[in-house]
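Participant: Just to be clear, the model below is a prediction. Sequence and coordinates:
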Amino acid sequence: MDSSDQKKLVRKKLIEQRLAMPDRHHRAEKLQQVMRIWLVGRPDTVIGAYWPIKGEFDPLPALHRWKEDGELLDEPQLRRIGLPVVDKLHRTLKFHAWFPGCPMEEDAYGIPKPKDTEVVVPTLLFVPCVGYGVGGYRLGYGGGFYDRTLAQLRPKPYTVGLGFAAGFLPNMEPEPHDVALNAILNEMGAVWPMELDED
């Protein structure tokens with residue numbers, strides 16, 4: 001069995017486990033808190049995220065709160081949230097402005113996306129993790145959209161994976177084309193980069 005087939009099996013197993021997780025709602029609440037605390041002090045005004053599918057953690061409530069906090073602080077630049085829209089020709093993602101109640105439509109994969117809102121360029125990008133491993137490497141759905149997008153986005157955004165602790169893959173080996181994330185958060189806190197205690 002080649003590595004591609006192995007990844008498919010691991011991906012299928014992790015998605016099934018995530019959907020069957022009895023305490024997923026509770027774990028999601030904890031990750032909302034982790035994410036909100038992690039965002040404190042970040043200089044970003046445009047953050048890209050994703051619409052959750054297949055039992056993924058939903059980052060949008062924490063981001064909406066982040067946006068509202070910015071309005072309370074009277075920041076000179078309005079904080080904005082972008083959701084991905086697939087560019088079919090180049091098989092990459094563009095990020096369009098999203099806000100609660102904005103018009104949405106389904107893309108070719110049946111995932112909701114903002115309809116006719118402006119393109120935004122995030123400096124911070126939250127990406128969903130089916131699984132993740134040591135070194136900040138992520139197991140996605142196998143389409144390569146994020147890898148291709150990150151190779152083209154300028155300036156390159158700071159990338160943060162979001163997933164549950166159950167998605168950790170201790171033996172995950174990255175392939176040459178895999179790009180490590182700058183950070184990974186789960187319901188336990190920041191798991192990459194790992195902060196070592198100094199004696």
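Facilitator: Nice, I can see it.

Participant: CA only for contacts and neighbour counts going forward, please
Facilitator: OK.

Participant: Going along the chain from the lowest-mean-pLDDT helix or strand in the chain, find the next helix or strand for me.
Facilitator: Sorted by mean pLDDT, DSSP states H and E, the helices and strands of the chain end with helix 145-152, the least confident at a mean of 80. The C-terminal neighbour of helix 145-152 among helices and strands, as given by DSSP states H and E, is strand 158-162.

Participant: who does that following strand pair up with?
Facilitator: The strands beside strand 158-162 in its sheet (DSSP bridges) come out as strand 124-128 (parallel), strand 183-186 (parallel).

Participant: just checking, what packs against the next helix or strand after the longest one?
Facilitator: Secondary structure here is assigned by DSSP H and E; on that basis, the next helix or strand after strand 124-128 toward the C-terminus is strand 131-133. Other elements packing on strand 131-133 under the criterion 3 or more C-alpha pairs under 8 Å, 6 or more residues apart in numbering; DSSP states H and E are strand 137-139.

Participant: Bridged to residue 98, which residues?
Facilitator: residue 81.

Participant: surely it meets residue 79?
Facilitator: No - counting by C-alpha atoms under 8 Å, residue 98 does not reach residue 79; the two are 11.1 Å apart.

Participant: Apart from its chain neighbours, what residue comes closest to the spatially most central residue of the chain?
Facilitator: The centroid of the chain falls nearest to residue 127 when counting by C-alpha atoms, centre = their mean (1.7 Å). Among residues not flanking residue 127 along the chain, residue 161 sits closest, at 4.9 Å (C-alpha to C-alpha, 6 or more residues apart in numbering).

Participant: how about residue 120, what does it touch?
Facilitator: By C-alpha atoms under 8 Å, 6 or more residues apart in numbering, the contact set of residue 120 is 46, 82, 94-97.

Participant: of all the residues you listed, which two lie farthest apart?
Facilitator: 46 and 94 (13.2 Å; C-alpha to C-alpha).

Participant: And the longest helix along the chain, what does it pack against?
Facilitator: As assigned by DSSP state H, the longest helix anywhere in the chain is helix 3-20. For helix 3-20, not one helix or strand is in contact under the criterion 3+ C-alpha pairs under 8 Å, 6+ apart.

Participant: and for the next helix or strand after it, what are the contacting residues?
Facilitator: Using DSSP H and E, the helix or strand that follows helix 3-20 in sequence is helix 24-39. Identification of contacts with helix 24-39 by C-alpha under 8 Å, 6+ apart yields 18, 57-59, 61-63, 66, 164, 185-190.

Participant: Mind doing that once more with 7 Å?
Facilitator: By C-alpha atoms under 7 Å, 6 or more residues apart in numbering, the surrounding residues in contact with helix 24-39 are 57, 62, 186-187, 189.
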